[in-house]
Structures are given as C-alpha cells and as structure tokens.
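> below is the structure, and that's it, no one-letter string:
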C-alpha cells in the first residue's frame, strides 16, 4: 500500500509541476514574424446549425456588423424549427446552405465539411489566394467581439500560422453562479494553458472562435473536420502535424451561452470527455509520427488527461472518508483545518488574479469567493468523466447536443 | 476538452496521507489512495510504452530515408 500511496503522491507532484510550469510560461511574452504584413484577407464565418432559432438571429446581427471583407455561411443541418427562415431574413452578407436527411445530422464536423465544400462549389473562393482566405468557425450562439477580426488578422502576417484560436467567454455570466464559474473556467484555460502552449507549439483549437487559413485546411489530406465528438481538438492537432503553427489570441473573445443547470453541464462535459477519449485513440499515432519535442510531450499529456482525471476522482472520496472519521473522533485540531484550507483553496488566489485580468468589473473579494467555489466546481468533471466512460464502454457514440435556452 | 486536473482537489491527498490515526475509515481512505496510485503506475507504464513506440517509429523512418 505504501508504494501505491507514494505513486499517488507522484501523481500530485506531476500535476503541480505541470500546472505551475504552464502558469509561469503563460506569463512570458511571445514573439512572432510578420512577413505577410499589409495583405488584405477575406474572412468567412461558418456556423453549423441544428434547431437554433433561439440564438441564431442575435449571432448573425453581430457578425453582420463586423468590419472588413466578410461573409457568413450558415449550414442548416436539417433543422425542424425556424432556423432557416431567420437566416434567410438576415441580409445580404449571410448565405444559407441547407442540408437534408439522410446526409444531414451526422454531427458538427460533417456539417462544417459540407459548408466548405459548398463554398468551393459555388465559386465564392475562385481567384482568391487560399493563404488570404480565413475560415472562422462560430457556434450558433457565438457572439464575436467587434474587434475580433482586427485582433486576429496580425497573427496571419506570420506565414507559419495556420490557425488562431481566440478566447471564449460566457455572455450570460451574470445569470447565476454556474454561468460565472463556466466563464472563469474558460478564462483560466485560455489565459494560463493556451497562452503557455504558444511557447510549446501545442495551442489547441476550440469549437467556437477558431480562425483558420484556407491553405492550412487544404493541406490536410482528409476532410478538415472529423466525425469525432471533439472535432476541434482533432483539427488542431492535425494542423500541427501538417507543419502549421497554431496561435492563441486572448485579446479577443467569442461569447457563448453558458448552460444554467447542473444536469445540462454534466451532459455537455460528458460529450467533451467522450470526444477527448475518441480523439486520443486516433491522434496518438499521428503525434508519435509527425510532431516533435515539447509540442508532442504536451499533446500526449493533454490527450491522456481523461485517464488522470478518472484516477484523481478517487482522491476526494478518500479525503471525505478520512476527514469524517477524524472529525467524529475529534482527532483534528484547528491547525489541521487551517492546513486543509490552505492546501485545498490556496490556489483560488491564482484563479481570482487571472480572472480579474479579463473581468475588470469583478471585485477582488467577489472574484476570490467565486474562485473558491470554482475549486469545488472541478468535481463536475469527475461525474462527467465516469458517465462518458460508461457511454464509451457501452458503445454509445452519439452527439449529445447542448440545448439552448 | 477544457478540463485540466482540478488540482486544488489533488492536495486533498496530502491531508489523507498525513492524517493521524489508523482507524478502519482511515484505512479505507488509504486503500483508495493506493488504488489511485496503482492506476497512476499503469499510466506511467503506458507512457513508457508510448516513448518506446515513438523511438521505434522514428528509427524505422530514419532507416527508410537512408535506404532511399
């Protein structure tokens, strides 16, 4: 048993080392080339929709107001509601591509691939240099910052950059603690892990707010978006394997709708977790063959995180049993509780600091209290992880789409 | 997936490992830790296998290039 406990301690040491190292890296400045400075680029926004009448109109209104040469293509994946009707009424800069069953409803990746094929077929890309066509994927509930294109464009001055991921926020973060915690989660992820990954060459793509050069997408040997549940993760790794560099732009964000109930949150995260497991099986061989050095090490660690997360889920159970016993027998003095508080919630100060850098109006005390709850919020991943594992083991691979409100 | 190990929770382990007493519940708690540790041991073995696979793939590719 001693060896097992020692290994569990080693697991903690690794997690602390990794997270601490990423935090330090994320604070360092990053230099990039600007060999293609001054070129004008054509931005195409792809939105895959399945029954999105509740959110699509507001998203299109915001996209239509973006500066520069832009086009919005909505891929309607055989919606039963008024999605197509609302898209048609959206104006000149918005095009609709309707898919019909049985080809439709095969997942977001298939819909995006169909959208890109439609763009090529209808001649909209004819005569354009694929290096200067930027394809951006936005979710139907996505609200891009007005300055997003201006912030992202300089990244593509570096000819090595194939894709840029922007930050992700929750536009309904004022609607309750759960929404606020999701906002903090995405801010911390972007500001710490994505920023750090710029230095490692392993920036990941998200499903919302991913900007990609058309030439980068065309350099992939197969269709850009795969049929796995996390096609964004898959695409980001394949771009790196194809020799491109992914960048992260934290100064612009796309805001999406946070889920407002715990049940929906667990369901959404179980889909991501399951997709992560699917992608890992496919991407491990690719990383081993095509990606070098620090990027490979980070991606392999990142892809193996579901296994670590499931193992970690045993720790709080263990702690709760031991703590309850100690309290029952009165063997713990106040100093022990102070120690537990520091080792458990001390990191909340870092989360609060990182969050306040992006959310200036959040007060210091409020951010700190939210960060305390955020530590407990991490348990959601344990529930989602075990559910996803059960779905995976029982052969259920479907798309548990997040319902809009 | 936007999850990183919620590593605030990882620190719990330090408390259990160091907690005084050896009652039955504490023993159960330590067994759970040992199970997590054993799982991590398997994870490390898997990583070692991945490293070996990488070296083999790279050396095979190097030999192919030299043969050309």
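Everything's here; your move. Just so it is clear, the structure is predicted and the values come from calculations on it, not from any experiment. Numbers count the residues shown, from 1 in each chain, chains lettered A, B, ... in the order given.

> on the three-state scheme, residue B:56 is what?
helix (DSSP: H, G, I helix; E, B strand; the rest coil).

> before we move on, what about residue A:164?
strand.

> where along the chain do the strands fall?
Because you didn't say which chain, this covers chain A. Assigned by DSSP state E, chain A shows strands spanning A:42-49, A:70-77, A:94-99, A:133-137, A:143-144, A:161-170, A:210-213, A:245-256.

> my question was about chain B, not that one.
For chain B, applying DSSP E gives no strands.

> got any ranges where it has weak pLDDT?
For chain B, the stretches flagged by pLDDT under 70 are B:1-22.

> low-confidence stretches in the stretch 301-405 of chain A?
Short version for the stretch 301-405 of chain A, where the test is pLDDT under 70: A:397-405.

> near chain B, which residues of it show up?
Residues of the stretch 301-405 of chain A that fall close to chain B, judged by CB under 8 Å from any CB of the partner chain: A:304-312, A:314-319, A:321-326, A:329, A:331-332, A:336, A:339-340, A:343-348, A:375, A:377-379, A:381. (Glycine included, C-beta is placed from N, CA and C.)

> just the buried residues of those residues.
A:304-312, A:314-319, A:321-323, A:325-326, A:332, A:336, A:339-340, A:343-345, A:347-348, A:375, A:377-378, A:381 (16 or more other CB atoms under 10 Å in any protein chain shown).

> and residue A:237, which of the strands of chain A is closest to it?
Minimum separation from residue A:237 across the strands of chain A (CB to CB) falls at strand A:245-256, 9.2 Å.

> give me the sheet partners of that closest one and which way each runs.
strand A:143-144 (antiparallel), strand A:161-170 (parallel) (DSSP bridges).

> format the ones you listed as JSON lines; extra columns: mean neighbour count and mean pLDDT.
As requested, these are exported to JSON lines (neighbours: other CB atoms under 10 Å in any protein chain shown; pLDDT from 0 to 100):
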{"stretch": "strand A:143-144", "mean neighbour count": "22", "mean pLDDT": "88"}
{"stretch": "strand A:161-170", "mean neighbour count": "25", "mean pLDDT": "94"}
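
> export those strands as TSV, with columns for distance to residue A:181.
Output for those, formatted as TSV (distance: least, CB to CB, whole Å):
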stretch	distance to residue A:181
strand A:143-144	20
strand A:161-170	9
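
> can you pull the contacts of residue A:148?
Contact analysis of residue A:148 by CB atoms under 8 Å, 6 or more residues apart in numbering or on different chains lists A:66, A:166, A:209, A:252, A:253, A:254.

> residue A:376: neighbouring residues, count only.
Applying other CB atoms under 10 Å in any protein chain shown, we find 15 residues neighbouring residue A:376.

> quick check: closest non-adjacent residue to residue 23.
The chain I'm using is chain A. Counting by CB to CB, 6 or more residues apart in numbering or on different chains, residue A:23 lies nearest to residue A:192, which is 5.5 Å off, once chain neighbours are set aside.

> hmm, no, I was thinking of chain B.
Counting by CB to CB, 6+ apart, residue A:325 is the residue found nearest to residue B:23 once chain neighbours are left out, at 5.6 Å.

> I'd guessed that neighbour sits against residue B:26; true?
Yes. Residue A:325 is within contact range of residue B:26, at 5.7 Å (criterion: CB atoms under 8 Å).

> the stretch 201-350 of chain A: helices as residue ranges?
All helices of the stretch 201-350 of chain A, identified by DSSP state H, counting those that start in this stretch, fall at A:214-218, A:231-241, A:262-290, A:293-303, A:305-312, A:314-329, A:334-345, A:348-358.

> adding distance to residue A:145, write those helices out as CSV.
CSV is the format used below for the helices of the stretch 201-350 of chain A (distance: least, CB to CB, whole Å):
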stretch, distance to residue A:145
helix A:214-218, 23
helix A:231-241, 19
helix A:262-290, 23
helix A:293-303, 26
helix A:305-312, 29
helix A:314-329, 37
helix A:334-345, 32
helix A:348-358, 12
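
> of all the ones you listed, which one is nearest residue A:158?
helix A:214-218 (12.3 Å).

> which stretches of chain A have low pLDDT?
Checking chain A against pLDDT under 70 turns up A:1, A:33-37, A:229, A:397-405.

> look through chain A and state the residue closest to chain B.
residue A:378 (2.4 Å; CB to the nearest CB).

> state the phi and psi torsions of that residue.
Phi and psi for residue A:378, reported as degrees, to the nearest 10, are phi -60, psi -20.

> related to what we said a few turns ago, how far away is the residue nearest to residue B:23 from residue A:317?
Going from residue A:325 to residue A:317 by CB to CB, to the nearest Å gives 13 Å.

> would you map the helices across chain B?
Along chain B, counting by DSSP state H, helices occupy B:12-18, B:24-67.

> just those: most buried one?
Stretch with highest mean neighbour count among these: helix B:12-18 (a mean of 20; mean count of other CB atoms under 10 Å in any protein chain shown).

> before we move on, back to that, between the strands paired with strand A:245-256, which gets nearest to residue A:82?
strand A:143-144 (19.7 Å).

> contacts for the closest one, please.
By CB under 8 Å, 6+ apart, strand A:143-144 touches A:45, A:58-59, A:62-63, A:66, A:138, A:166, A:171, A:209, A:252, A:254-256.

> which PyMOL command selects the buried ones in those?
Selection of buried members from those for PyMOL, criterion 16+ other CB under 10 Å:
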select buried, chain A and resi 45+59+62+63+66+138+166+171+209+252+254+255+256
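
> distance to residue A:177 added to the contacts of strand A:143-144, as JSON lines?
Below are the contacts of strand A:143-144 laid out as JSON lines (distance: CB to CB, whole Å):
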{"residue": "A:45", "distance to residue A:177": "32"}
{"residue": "A:58", "distance to residue A:177": "24"}
{"residue": "A:59", "distance to residue A:177": "25"}
{"residue": "A:62", "distance to residue A:177": "26"}
{"residue": "A:63", "distance to residue A:177": "30"}
{"residue": "A:66", "distance to residue A:177": "32"}
{"residue": "A:138", "distance to residue A:177": "27"}
{"residue": "A:166", "distance to residue A:177": "25"}
{"residue": "A:171", "distance to residue A:177": "16"}
{"residue": "A:209", "distance to residue A:177": "24"}
{"residue": "A:252", "distance to residue A:177": "26"}
{"residue": "A:254", "distance to residue A:177": "22"}
{"residue": "A:255", "distance to residue A:177": "18"}
{"residue": "A:256", "distance to residue A:177": "18"}
